[in-house]
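# Sharing a model prediction with you, sequence too.
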Amino acid sequence: MHWSEKLHSWVVFRHDDVAAFFRDDERLSSDRSRATRWKGPTSMPAIRTVASDPPAHGPLRAMLTASLGPRIRAIVPRVDTLVAALLDRVETAVARAVERVDGKGEVDLVSELAYPLPIDVIAELLGVPDADRVRFQEASRAVARGMDRFYSGGEASAGLREIGAYFYQLVQARRDTAGDDLVRRLLAAEHHGDRLNDLEVVALCTALVFGGHETTVNLIGNGILALLRHPDQLERLRADPSLVDTALEELLRFDSPAQMISRTATTDFSWRGGS
């Protein structure tokens, strides 16, 4: 374990320690407001989020999974179309770069492919109109940058407020209306008689926007960079495309988009002889 002055936190590295910390719901929480030194607001709305602790987390996760699976399967053809269009966009950008620089040139894969793809897919899941998607890109970037503790500031709060306000309006507009988007599926979701309230649906939609966007951008960027740095692995993948699923899992492990996950100690305790 290492105490980080930058993060003001203990950092745990060993696999066994990390696994034990994630299972310790008695002394460790995903809710920062439960910290003994918490200085933020103490009265929060009674809503469950993806960061809720057990047992509240269980029904929420069940309803999200039941709603998300069918919607993902439904938009697969649309995702294929989005990917094809973005690859054409990359090819066009490469051709233009080559023309400009005497047969040589550079194209930013992140801006041309990795960045627009996930927000378009998430927007398809949620049924967000095309006109609003640039707004989501900007708000998502602000949230992701603000959530990075090395760069944190007011961006995350502003982005969350903007996205949350938009989804609240969307939830009100789509309640009791027909449709197959994820917002309507979440509003109709049920788990042993349990239902999501409006604010919980807003929280889940917001989490999908900033959680699914930036991590996918970084997976694509980090993954391509890793393959370029290890050309033998790139050639192996090209020679046998059936390895793509395994390669994706390995790239997630090798240079994970999520560099850390935090838990809050709700009480003082000792670990491996320390404290």
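All right, it came through fine. Numbers count the residues shown, from 1 in each chain.
# what does stretch 129-144 contact?
Residues outside stretch 129-144 that contact it (CB atoms under 8 Å, 6 or more residues apart in numbering): 115-116, 119-120, 122-123, 128, 155-156, 158-160, 162-163, 166, 209-210, 213-214. Backbone N, C-alpha and C define where each C-beta goes, glycine included.
# so Glu91 is in which element?
According to DSSP states H and E, Glu91 maps onto helix 76-100.
# roughly how far is that helix from the heart of the chain?
Taking CA atoms, centre = their mean, to the nearest Å, one finds helix 76-100 lying 24 Å from the centre of the chain it belongs to.
# again with stretch 262-275
With CA atoms, centre = their mean as the basis, stretch 262-275 stands 27 Å off its chain's centre.
# CA atoms only: put it into CSV for me.
The C-alpha trace of stretch 262-275 is given here as CSV (Å, rounded to 0.1, in the frame of the first residue of the first chain):
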residue,chain,number,x,y,z
SER,A,262,-12.0,4.6,-5.4
ARG,A,263,-13.6,3.3,-2.2
THR,A,264,-14.2,5.3,0.9
ALA,A,265,-13.3,4.0,4.4
THR,A,266,-16.3,4.4,6.7
THR,A,267,-14.3,3.6,9.8
ASP,A,268,-10.6,3.3,10.8
PHE,A,269,-9.1,-0.2,10.4
SER,A,270,-5.8,-2.0,10.1
TRP,A,271,-4.7,-3.9,7.0
ARG,A,272,-1.8,-6.3,6.8
GLY,A,273,-0.4,-5.1,10.0
GLY,A,274,-0.7,-1.4,9.1
SER,A,275,-3.4,1.1,9.6
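# And Pro77, what's its pLDDT?
For Pro77, the pLDDT comes out at 95.
# What of Leu227?
For Leu227, the pLDDT comes out at 97.
# Surely it and Arg238 touch.
No: in this structure, Leu227 is not within contact of Arg238 by CB atoms under 8 Å, at 9.5 Å.
# which of those two has more neighbours?
Comparing Leu227 with Arg238 by neighbour count (other CB atoms under 10 Å), the higher total belongs to Leu227, at 18 against 10.
# Spit out the contact partners of that one.
Gln233, Leu234, Leu237, Leu251.
# Remind me which helix or strand it belongs to.
Assessed by DSSP H and E, Leu227 sits inside helix 198-229.
# Off-centre distance for the helix or strand following that helix?
Downstream of helix 198-229, the first helix or strand assigned by DSSP H and E is helix 231-239. Helix 231-239 has its C-alpha centroid displaced from the chain centroid by 28 Å (CA atoms, centre = their mean).
# neighbouring contacts of helix 231-239?
Helix 231-239 has contacts (CB under 8 Å, 6+ apart) with Ala226, Leu227, Leu228, Leu243, Val244, Ala247.
# ok, residues contacting the helix or strand following it?
Next in sequence after helix 231-239, counting helices and strands by DSSP H and E, comes helix 244-254. With contact meaning CB under 8 Å, 6+ apart, helix 244-254 is reached by Leu219, Asn222, Gly223, Ala226, Leu227, Gln233, Leu237.
# Nearest residue to the residue most central in space within the chain in space, please, no chain neighbours.
Closest to where the C-alpha atoms of the chain average out (CA atoms, centre = their mean) is Gly211, at 1.9 Å. Using CB to CB, 6 or more residues apart in numbering and skipping residues adjacent in sequence, the residue nearest Gly211 is Val50, 7.5 Å away.
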